[in-house]
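# My questions are about this predicted structure, shown below with the sequence.
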Amino acid sequence: MKTAICPSAHPVVKGTVYSILFAISFGHLLNDLLQSVIPSIYPMLKANFQLTFSQIGLITLVFQLSASILQPFVGHYTDRRPNPRSLAIGMGFTLLGLISLSMAYNFVFILISVCLVGIGSSVFHPEASRVAQLASGGKKGLAQSIFQVGGNAGSAIGPLMAALIVIPHGQAYIRWFALFAILGIAILTMVGKWYKNNMRERKVNVELIGEVAVEASLSKTKIVSSIIILLVLIFSKYFYMASMTSYFTFYLIDKFGVSVQESQVYLFAFLAAVAIGTILGGPLGDRYGRKVIIWVSILGAAPFTLLLPHVGLTLTIMLAVIIGIIISSAFSAILVYATDLVPGKVGTIAGLFFGFAFGMGGIGSALLGWLADQTSISYVFAVCAYLPLIGIVTGFLPNVKGR
């Protein structure tokens with residue numbers, strides 16, 4: 001089997017710039033914290049507007065599709081014309097969406113609001129991923145994990161804050177989250193200034209990587225097939241994640257009779273585990289290889305997902321934490337593996353994979369909401385338990401080594 005070697009012997013920045021990595025990670029935390037407010041208030045919206053599970057799924061679909069469809073195009077455009085201001089612009093769209101959501105008085109208004117938040121995400125992620133690799137100093141897995149864990153931490157904190165701020169006081173209190181968006185705009189503006197000062201050095205690095213990678217690349221057919229396999233793995237991961245992020249609270253309420261606030265705390269436990277798994281995935285991928293981590297992360301979660309629908313409350317929460325740690329370690333490894341396959345196209349690859357992930361999450365949420373209406377929440381979790389078995393297709397990936 002022919003092996004592709006994507007060197008990083010010419011780091012964009014000499015040494016890893018941790019200050020920028022942590023700043024962009026914190027921006028990612030704020031971005032995903034604000035986005036996570038949407039699924040966190042689903043029980044409240046369902047009660048206030050008398051929504052069906054199908055309508056809840058449609059809200060997620062609109063949010064995720066607005067976040068996903070634009071991302072590959074934004075990434076492709078910024079690969080050619082990087083824009084340091086796009087980070088703050090993306091957060092600005094999120095700010096508008098949250099203020100709109102706090103005032104929404106019908107279902108259509110809700111859909112418009114979540115669409116604005118989704119657009120903010122589609123503008124933010126491709127350029128933010130590029131900044132993370134620019135500041136990596138060659139440690140791409142570590143950099144992607146630091147960046148990604150900020151988003152996972154934000155997704156974990158968001159439901160907890162929504163349970164404390166929005167659920168007890170009502171929909172109008174969503175506007176208080178606008179303060180986080182304003183803080184994000186300020187931080188991302190400063191990151192954008194650093195990015196602007198380093199873009200010329202990045203351009204030289206991309207040209208050097210591209211020249212060397214062409215000499216030792218896989219065939220175009222093999223690259224395309226590998227990208228398709230990675231997208232299939234993203235499908236299995238994010239369809240399962242959709243069941244957890246959108247419907248785990250409903251599952252706990254329906255099966256165990258917990259309160260809405262208790263269910264939010266348990267969702268926080270799962271999402272905190274996701275954050276832990278994410279920070280582990282990148283460095284482990286740097287050390288042991290991306291393919292090994294992808295194997296373990298997707299297929300390794302299967303025994304626990306298959307057991308979860310058949311146990312009591314305590315074991316359900318314990319299994320959810322284990323699943324969160326294992327399954328979340330895949331994304332950083334998958335994304336860096338893909339950028340090793342197609343060097344010099346960080347924005348395009350990041351846009352494609354973030355966009356596809358969000359899209360699968362949205363479609364999965366909509367389909368699972370429809371399935372829940374037709375059957376039950378418990379049946380949905382019983383079906384989704386088999387999704388990680390798709391991880392077996394990892395065996396068809398070539399052994400790509402990113403140095």
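On my side now, so go ahead. Residues are numbered from 1 along each chain as shown.

# Mind jotting down where the helices sit in the stretch 201-350 of the chain?
Using DSSP state H, counting those that start in this stretch, the helices of the stretch 201-350 of the chain run over 220-256, 260-288, 290-299, 302-307, 313-328, 330-341, 346-374.

# Then the stretch 51-200 of the chain?
53-68, 70-80, 86-103, 107-134, 140-169, 178-215.

# Can you lay out these as TSV showing mean pLDDT, distance to residue 328 and mean neighbour count?
To be clear about C-beta, it is placed using only N, CA and C from the backbone, and glycine gets the same treatment. Formatted as TSV, those follow (pLDDT from 0 to 100; distance: least, CB to CB, whole Å; neighbours: other CB atoms under 10 Å):
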stretch	mean pLDDT	distance to residue 328	mean neighbour count
helix 53-68	81	18	24
helix 70-80	77	20	20
helix 86-103	89	22	22
helix 107-134	87	16	24
helix 140-169	79	7	23
helix 178-215	71	22	16
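
# Of those, which is nearest residue 28?
Nearest of these to residue 28, taken as CB to CB: helix 140-169 at 3.7 Å.

# Check the offset of the closest one from the chain's centre.
From the chain centre to the centre of helix 140-169 is a distance of 11 Å (CA atoms, centre = their mean, to the nearest Å).

# Redo the helices of the stretch 51-200 of the chain as CSV? Include distance to residue 289.
Output for the helices of the stretch 51-200 of the chain, formatted as CSV (distance: least, CB to CB, whole Å):
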stretch, distance to residue 289
helix 53-68, 28
helix 70-80, 25
helix 86-103, 31
helix 107-134, 19
helix 140-169, 10
helix 178-215, 18
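
# wait, residue 71 sits on residue 355?
Yes - in this structure, residue 71 is within contact of residue 355 by CB atoms under 8 Å, at 3.2 Å.

# can you list residues touching both of those two?
residue 122 (CB atoms under 8 Å, 6 or more residues apart in numbering).

# what's the neighbour count on residue 318?
If you count neighbours by other CB atoms under 10 Å, residue 318 ends up with 14.

# how close does it sit to residue 98?
Separation of residue 318 from residue 98 (CB to CB, to the nearest Å) stands at 34 Å.

# Would you quantify the distance from residue 341 to residue 291?
From residue 341 across to residue 291, the span is 12 Å (CB to CB).

# More neighbours: which of those two?
The residue with more neighbours, out of residue 341 and residue 291, is residue 341; 24 against 19, by other CB under 10 Å.

# per-residue pLDDT, the residue nearest to the more buried one when sequence neighbours are not counted?
Counting by CB to CB, 6 or more residues apart in numbering, residue 341 lies nearest to residue 223, which is 5.2 Å off, once chain neighbours are set aside. Note for residue 223: predicted pLDDT of 86.
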